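> build me a model from this:
(one chain, ligands or ions: 1)
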Amino acid sequence: MISGGTMDTDYFQHKEIFFASLIYSKKRLHYLENEFIVRDDDVFLVSYPKSGTTWMMEILSLIHTSGDFTWCREVPNFIRIPWLDVSGTGEKLVDECESPRFLASHLPIQCFPKSLFSSKAKIIYTARSPKDVLVSLYHFAYMSYVVKKPNSFDEFMEDFLQGRVPFGSWFDHIKGWMQMKDNKNFLLVTYEDLIEDHRGTIKKICTFLEKELEEQVIDLVVKNSSFNSMKNNNMSNNSLVPDYIIDTKNNHFMRKGITGDWKNHFTQKQMEHMNVIYREKMKDLDVKFSWDECL
Ligand code: A3P
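Purely as a prediction, here's the structure:
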């Protein structure tokens, strides 16, 4: 919706989850869940927004080309690894993608194509500390038209904690996907793993994908998926995403690329409030995360 020269962001609800009307549609979501055919050799990069999806797209692209940077330098990431969920032009990219397909998705598990569950497709789920996700999403809201502009950080935090943001509650998203944690075709990777041990995590992904790469090739994957390499590559820093979706003229999608930036944003009270909610919502989940220690 355009009003007074500025764009407003509209959401619709599907299965009680918010989606931005600009690039998502009920029709597409219904089709994906019920009719989309997952192939056995598909690899899905699934994540809650701002968890390191773009980073994982780069790593997967480089693993796929055995470290050859040409594909990443010449083809935008959203064409290399199309977004499953996006309607309109995105649909064509998914349809035209040749096997083996790498597809990105932010869908919660209850909205994902049902055909996944009878397939041998692989899922790489990227998770990130919810405090850093919240901060990253807060900044992203000011540069994108798919997240409503916050009135204040405090209010935005409350919306985030209550799931009144695109793709719903972070807690529900992660708890939903963690139901697959013991499935051999499911790999959990965290943004924090990538920051702590970039190389080791890439090797873990290679093992999961049954892709053997020599050490020198791993070196190339590490080098070319670094924050600075991606920030300087227009095919990977989302600057080619149309301005009506993300305004990268005045802001950088590749913002800070660190862990713990929440400490620069949260007051003591906000931290305590989020810790209480985190403990309550996550108490039944039998998975430990590195960020649990900070709670
Ligand atoms: P920040 O806003 O905290 O900097 P997504 O791709 O899921 O939207 O996630 C975006 C976040 O991942 C941003 O976080 C972005 O800077 C960060 N990111 C992307 N590529 C990265 C890289 N190579 N190294 C570290 N962080 C990266």
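
> every contact and neighbour count from this point should use C-alpha atoms.
OK.

> report how many residues lie close to the spatially closest residue to residue 120 that is not a sequence neighbour.
Spatially, and ignoring its direct neighbours in sequence, residue 120 is nearest to residue 40 (4.6 Å; CA to CA, 6 or more residues apart in numbering). By the criterion of other CA atoms under 10 Å, residue 40 has 16 neighbours.

> what does residue 74 give?
13.

> please list all residues in contact with it.
residue 235 (CA atoms under 8 Å, 6 or more residues apart in numbering).

> separation between it and residue 271?
Going from residue 74 to residue 271 by CA to CA, to the nearest Å gives 42 Å.

> same check, this time on residue 83
Distance from residue 83 to residue 271, by CA to CA: 33 Å.

> dump the residue contacts of the residue nearest to residue 121 when sequence neighbours are not counted.
Excluding the flanking residues, the one nearest residue 121 by CA to CA, 6+ apart is residue 40, at 4.5 Å. Contacts here follow CA under 8 Å, 6+ apart; on that basis residue 40 touches 119-122.

> which residues of the stretch 51-200 of the chain score low on pLDDT?
Across the stretch 51-200 of the chain, nothing is flagged by pLDDT under 70.

> near the ligand, which residues of it?
Within reach of the ligand by CA under 6 Å from any ligand atom, the stretch 51-200 of the chain has these residues: 51-55, 136.

> who wins for neighbours among those?
residue 51 leads these on contacts (other CA under 10 Å) with 25 neighbours.

> check contacts around it.
Contacts of residue 51 (CA under 8 Å, 6+ apart): 126-129, 133, 191.

> cutoff 6 Å now
127-128 (CA atoms under 6 Å, 6 or more residues apart in numbering).

> do residue 284 as well
Contacts of residue 284 by CA under 6 Å, 6+ apart: none found.

> that one and the ligand, how far apart?
In this view, residue 284 and the ligand are 26 Å apart by CA to the nearest ligand atom, to the nearest Å.

> quick one: the strands in this structure, in order.
Per DSSP state E, the chain carries strands over the ranges 2-3, 6-7, 11-14, 17-20, 43-47, 102-105, 122-127, 186-190.

> what ranges does the protein have for its helices?
Taking DSSP state H as the criterion, the chain contains helices spanning 26-34, 53-64, 70-74, 77-80, 89-96, 130-143, 153-161, 170-177, 191-196, 198-208, 215-224, 227-231, 268-282.

> for the residue lying closest to residue 185 once chain neighbours are set aside, name its beta-bridge partners.
Spatial nearest neighbour of residue 185, chain neighbours left out: residue 122 (4.7 Å); criterion: CA to CA, 6+ apart. Per DSSP bridges, the residues bridged to residue 122 are residue 43.

> residues near residue 122, how many?
22.

> wait, it touches residue 187, no?
No: using CA atoms under 6 Å, residue 122 makes no contact with residue 187, being 8.0 Å away.

> hang on, the earlier thing: put the buried members of the contacts of residue 40 into a PyMOL selection.
Remark: buried members of these, expressed as a PyMOL selection using 16 or more other CA atoms under 10 Å:
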select buried, resi 120+121+122
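
> quick check: the gap between the closest residue to residue 270 other than its chain neighbours and residue 266.
Of all residues not flanking residue 270 in the chain, residue 154 sits nearest, at 7.7 Å (CA to CA, 6+ apart). Residue 154 sits 9 Å away from residue 266, going by CA to CA.

> for residue 143, which non-adjacent residue is spatially closest?
Using CA to CA, 6+ apart, the nearest residue to residue 143 is residue 247, at 5.2 Å.

> hmm, that neighbour is touching residue 142, no?
No: counting by CA under 6 Å, residue 247 sits too far from residue 142 to count as a contact (8.8 Å).
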